[in-house]
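A.B. asks: Have a look; sequence and predicted model below, questions after that.
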Amino acid sequence: MDNQRKKSLNDILEEYQKIENELINSNGEISSALEEKLDLHESELGEKLNGYEHFVRYLKSKIEYLKNMEDHYANRRKILENSIKKFKSSMTNSLLITGKNKIKTDDFNFSLGKSQRWSIDVELLDDDNQKELVQQDLAENVFKAKLNNIKEKYSNMDSSDLPDWIQIEESDYIKVR
């Protein structure tokens, strides 16, 4: 056995398959040599899983750090964006207060303009208006299922009794404590 080099998880699994073949070839008889190999490989597998879990926890802490930094930079960006809005508002107000529509400087030309902000009061739209807007591709009907409520309602049913539109995908995971 090569103790000089650390084994990869695939190396360990490959050795488990060799032990499995030995077990099959001996018609299921577990010799003391085979039992020793099993104990050794279980120990190696445990060490490898420990290493993976330590790395997973390291990565989780990195993710948390990055999320915190994203929040930090998002807050900084918002502060800068708000500052720009305040400066623009002050510049606009200074032209409005002075009654000037345009001012030229060596660096820039400043002029007042008008903008519009549109919104829809959905409460005032009747069903016909809504259908017409959707047909003209000016609006869309949005359906959003409440998955938690659906899961709560149907989770006690046998899977064969579930409606066809419910799809459940199972996956394996590892618990680490």
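C.D. replies: Structure received.

A.B. asks: Kindly spell out which helices and strands sit in contact with the lowest-mean-pLDDT helix or strand in the chain.
C.D. replies: Lowest on mean pLDDT, DSSP states H and E among the helices and strands of the chain sits helix 9-25, with a mean of 84. On a contact count with 3 or more C-beta pairs under 8 Å, 6 or more residues apart in numbering; DSSP states H and E, helix 9-25 meets helix 32-98. Yep, even glycine has a C-beta here, placed from its N, CA and C like the rest.

A.B. asks: next one: the next helix or strand after the helix it packs on to chain centre, how far?
C.D. replies: Next along the chain after helix 32-98, taking DSSP states H and E as the criterion, comes strand 102-104. Counting by C-alpha atoms, centre = their mean, to the nearest Å, strand 102-104 is centred 49 Å from the centre of its parent chain.

A.B. asks: Give me the sheet partners of strand 102-104 and which way each runs.
C.D. replies: According to DSSP bridges, strand 102-104 forms sheet pairs with strand 109-111 (antiparallel).

A.B. asks: pLDDT weak spots in this protein?
C.D. replies: Within the chain, the segments meeting pLDDT under 70 span 1-4.

A.B. asks: now with 80?
C.D. replies: Filtered on pLDDT under 80, the chain yields the residue ranges 1-5, 28, 30, 38-41, 51, 172-177.

A.B. asks: related to what we said a few turns ago, would you mind listing the outside residues contacting the least confident helix or strand of the chain?
C.D. replies: Residues from elsewhere that reach helix 9-25, judged by C-beta atoms under 8 Å, 6 or more residues apart in numbering: 7, 29-30, 34, 37-38, 41, 44-45, 48, 52.

A.B. asks: try 7 Å
C.D. replies: Applying C-beta atoms under 7 Å, 6 or more residues apart in numbering, the external contacts of helix 9-25 come out as 30, 34, 37-38, 41, 44-45, 48.

A.B. asks: Now a ChimeraX select for only the buried ones of the residues you listed.
C.D. replies: In ChimeraX, a selection of the buried entries from the contacts of helix 9-25 looks like this (16 or more other C-beta atoms under 10 Å):
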select :37,41,44,45,48
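
A.B. asks: Leu40 and Tyr16, how far apart?
C.D. replies: Relative to Tyr16, Leu40 is positioned 11 Å away (C-beta to C-beta, to the nearest Å).

A.B. asks: Those two: which is more packed in?
C.D. replies: Neighbours per residue (other C-beta atoms under 10 Å) separate Leu40 from Tyr16, with Tyr16 holding more: 16 against 13.

A.B. asks: Surely Leu133 is in contact with Ala139?
C.D. replies: Yes: with contact defined as C-beta atoms under 7 Å, Leu133 counts as touching Ala139 (3.8 Å).

A.B. asks: and the least confident helix or strand of the chain, which residues are buried?
C.D. replies: For helix 9-25, the neighbour count (16+ other C-beta under 10 Å) marks 12, 15-16 as buried.
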